[in-house]
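Chemist: Structure of the sequence below:
(one chain, ligands or ions: 1)
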Amino acid sequence: MTLEQTLPICIAGTWRLGGGERYASCYPATGEPVAWLNAASLEDVEAAVQGAHLAFLHSGWAQRKPHERAAVLYRIAGLIRERAEELAQLQRQDNGKPINETRALVASAAGTFQFFAAACETLEETITPSRGDFVSMSVYEPMGVVAAITPWNSPIASEAQKVAPALAGGNAVVIKPAEITPLLALQLARICEDAGLPKGLVSVLPGKGSLLGDALTRHPLVKRVSFTGGTRTGKHIAHIAADKMMPVSLELGGKSPTIVLDDADLDHAVAGVLYGIFSSSGEACIAGSRLFVARALYERFMARLTAAAAQLRLGDPADERTQMGPLISAGHRASVERYVALGLAEGGRLRLGGERPSGGLYDQGYFYPPTILEGLGNHQQVCQEEIFGPVLVALPFDSEEDLLAQANDSLYALAAGIWSRDYKRAWALGRKLQAGTVWINTYKQFSISTPFGGWRDSGLGREKGRLGILQYMEQKSLYWGMNQQPLAWAGVEAGQ
Ligand code: NAD
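Modeler: Residues are numbered from 1 along each chain as shown. Down below sits the predicted model:
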């Protein structure tokens, strides 16, 4: 396939051109097109959902024994691993992340399919304690057509976290990837097909969320939406779901505090705080974007952190030494710049960064350097709103009470980090922090075996974990009568 050709998309088991407008996926490091494709149209949404519904009803997937479904998921994991380098390079181009990071995301996607294959074949249904002349059971059934709506920041890993448990649960899935990063979801659909998944069970709808994602969410045959993205979009989806009485899981934004207590191991804390905010160029929901440092330590810590941040290698995502690539788009970089300007207007000071780099590749792509703002209060807008870029706000604190009040004073509650040598102190603080995930003496570490999700405006529901598969299944109770006599109430005697 040459660049001039238009990529087909996968609708209801057929690879064909989308019915919407032609557009390009562009490489954020240069702004150059990587591939051209036609967005899906509303007719494509209808065809994908109807096709998924038919595949759910007639392909036999839902009826396959769990170990048989697991075998296909293991094959998907295997094919992702076989094609790992090709996928990682494609993702680098689609999204601009450094190659080492995209390799890790591809590996994580393979691990996710493997994990949910195992979860699928080991999921136990229960015989519940009987309270009558019956055997009572609790079992799980597939839901039907599930929509997986994903953002642009971690393609393939985000999709895998939804598609793997949904398929494991016996469902069909319609994926709506972010408009600007459609390529990996299409590759994943190809891999599912090559692994022997019945056709029609996975479709991919690239294009505008406000059009396609909205129609998908509203569709009566869509029985669940699993969404990862911004809080505003998540709330919109929640409203539609409420009208349909449809379960949703919403993985949304964050403004996560990382806390350096006065007894922290500074080497670990500096490395962890840097990684927490500046890896992925800060385009991470769990970015540790609000830094709280014990006042006694503040200057010493900030001097070390700033010096180390200034050394981070920002540049060509294809270079294995690169730590930070470009931001996803010109528009997103402009939004990050507006936040930095706002922080300065609010009385903040730049400790580092704050200006676009120039020269060479920097002039072509959407690069932005590690930036640290200080001198602000936690109530100010840049400390409260998600910037989704490499911008850290640093705030000193005086007491743990004062710290806790500020750290929890956010609409978001996705993650938090604590750096301390005292495990008892960290334990007590960790239990009081309001967040879906708390990292202690580490940050931004993930395991598919550990549930993940946010509180408050950071979301609803949990992904991952062995029981993550149950998000995509309906629970049913079965009662088996064991009476020797007819039910007494009717007064009917046996044999009459
Ligand atoms: P976004 O909300 O703009 O878009 C996410 C997805 O929703 C895209 O596929 C988009 O096309 C679709 N969409 C847009 N409008 C829609 C609508 N009206 N109905 C249905 N779907 C619609 O988010 P984004 O800019 O792509 O991603 C960045 C956001 O994602 C950040 O806020 C980040 O924190 C969040 N995020 C959260 C997690 C998490 O696990 N909590 C992980 C990654 C990203």
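Chemist: who in the stretch 201-350 of the chain is up against the ligand?
Modeler: Residues of the stretch 201-350 of the chain lying close to the ligand by Cβ under 6 Å from any ligand atom are 209-210, 213-214, 217, 228-230, 233, 236-237, 251-254, 285. Bear in mind the C-beta positions are built from the backbone N, C-alpha and C, glycine included.
Chemist: among those, which are in helices?
Modeler: Among these, the members found in helices (DSSP state H) are 214, 217, 233, 236, 237.
Chemist: nearest to residue 332, of these?
Modeler: residue 233 (15.2 Å; Cβ to Cβ).
Chemist: residue contacts, the closest one?
Modeler: By Cβ atoms under 8 Å, 6 or more residues apart in numbering, the contact set of residue 233 is 209, 213, 227.
Chemist: Put together TSV for the ones in helices among the residues of the stretch 201-350 of the chain next to the ligand, with pLDDT on each row.
Modeler: Formatted as TSV, those follow (pLDDT from 0 to 100):
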residue	pLDDT
214	98
217	98
233	98
236	98
237	98
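Chemist: Would you mind listing which of the residues you listed are buried?
Modeler: For those, a burial check counting by 16 or more other Cβ atoms under 10 Å picks out 214, 217, 233, 236, 237.
Chemist: Could you export the residues you listed as a markdown table, including distance to residue 34?
Modeler: Shown next, in a markdown table, are these (distance: Cβ to Cβ, whole Å):
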| residue | distance to residue 34 |
| --- | --- |
| 214 | 27 |
| 217 | 28 |
| 233 | 25 |
| 236 | 29 |
| 237 | 29 |
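Chemist: now, among the residues you listed, which is nearest to residue 27?
Modeler: residue 233 (25.1 Å).
Chemist: gap between the closest one and residue 304?
Modeler: Residue 233 is 38 Å from residue 304, where distance means Cβ to Cβ, to the nearest Å.
Chemist: list the contacts for residue 257?
Modeler: For residue 257, the contacting residues are 288, 290, 291, 292, 406, 407, 410, 416, 417, 433, by Cβ under 8 Å, 6+ apart.
Chemist: Mark which of these are part of strands, please.
Modeler: 290, 291, 292, 416, 417 (DSSP state E).
Chemist: Return the member of those nearest to residue 493.
Modeler: Nearest to residue 493 among the ones in strands among the contacts of residue 257: residue 416, at 66.5 Å, using Cβ to Cβ.
Chemist: what bridges to that closest one?
Modeler: Assessed by DSSP bridges, residue 416 has beta-bridge partners residue 438.
Chemist: wouldn't it be in contact with residue 407 here?
Modeler: Yes. Because the distance of 6.6 Å satisfies Cβ atoms under 8 Å, residue 416 is recorded as touching residue 407.
Chemist: JSON lines for the contacts of residue 257, including neighbour count?
Modeler: Shown next, in JSON lines, are the contacts of residue 257 (neighbours: other Cβ atoms under 10 Å):
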{"residue": "288", "neighbour count": "28"}
{"residue": "290", "neighbour count": "26"}
{"residue": "291", "neighbour count": "25"}
{"residue": "292", "neighbour count": "25"}
{"residue": "406", "neighbour count": "19"}
{"residue": "407", "neighbour count": "26"}
{"residue": "410", "neighbour count": "24"}
{"residue": "416", "neighbour count": "28"}
{"residue": "417", "neighbour count": "28"}
{"residue": "433", "neighbour count": "20"}
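Chemist: hang on, the earlier thing: now for the ones in strands among the contacts of residue 257: which two are most distant?
Modeler: Among those, 291 and 416 lie farthest apart (Cβ to Cβ), at 11.4 Å.
Chemist: So, low pLDDT: which residues of the protein?
Modeler: Scanning the chain for pLDDT under 70 picks out 1-3, 496.
Chemist: middle-most residue in it, spatially?
Modeler: Per Cα atoms, centre = their mean, the C-alpha nearest to the average position across the chain is that of residue 158, at 4.6 Å.
Chemist: what sits against it?
Modeler: Contacts for residue 158 were tallied using Cβ under 8 Å, 6+ apart; they are 150, 151, 228.
Chemist: 10 Å - rerun?
Modeler: 105, 109, 112, 148-152, 175, 177-178, 181, 184-185, 226, 228-229, 251, 463 (Cβ atoms under 10 Å, 6 or more residues apart in numbering).
Chemist: cool, and residue 400?
Modeler: So residue 400 contacts 259, 261, 294, 407, 425, 428, 429, 432 (Cβ under 10 Å, 6+ apart).
Chemist: what two of those are the furthest from one another?
Modeler: Farthest-apart pair in the contacts of residue 400 is 294 and 432; separation 16.5 Å (Cβ to Cβ).
Chemist: Show me which of the two is the more surrounded one.
Modeler: Neighbours were counted for residue 294 and for residue 432 using other Cβ atoms under 10 Å; residue 294 has more, 21 against 13.
Chemist: list the contacts for that one?
Modeler: Contacts of residue 294 (Cβ under 10 Å, 6+ apart): 259-264, 301, 396-400, 403, 419-420.
Chemist: quick one: contacts for the residue nearest to residue 442 when sequence neighbours are not counted?
Modeler: Nearest residue to residue 442, sequence neighbours excluded (Cβ to Cβ, 6 or more residues apart in numbering): residue 272, at 6.3 Å. Residues near residue 272 by Cβ under 10 Å, 6+ apart: 258, 260, 264-265, 288, 417, 419, 439, 441-445.
Chemist: Surely residue 433 is in contact with residue 415?
Modeler: Yes. With contact defined as Cβ atoms under 10 Å, residue 433 reaches residue 415; the gap is 9.3 Å.
Chemist: quick one, strands of the stretch 101-250 of the chain?
Modeler: Assigned by DSSP state E, counting those that start in this stretch, the stretch 101-250 of the chain shows strands spanning 126-128, 134-142, 145-149, 172-176, 202-204, 222-228, 248-251.
Chemist: JSON lines for those strands, including mean neighbour count?
Modeler: Converted to JSON lines, those look like this (neighbours: other Cβ under 10 Å):
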{"stretch": "strand 126-128", "mean neighbour count": "11"}
{"stretch": "strand 134-142", "mean neighbour count": "15"}
{"stretch": "strand 145-149", "mean neighbour count": "28"}
{"stretch": "strand 172-176", "mean neighbour count": "30"}
{"stretch": "strand 202-204", "mean neighbour count": "29"}
{"stretch": "strand 222-228", "mean neighbour count": "25"}
{"stretch": "strand 248-251", "mean neighbour count": "23"}
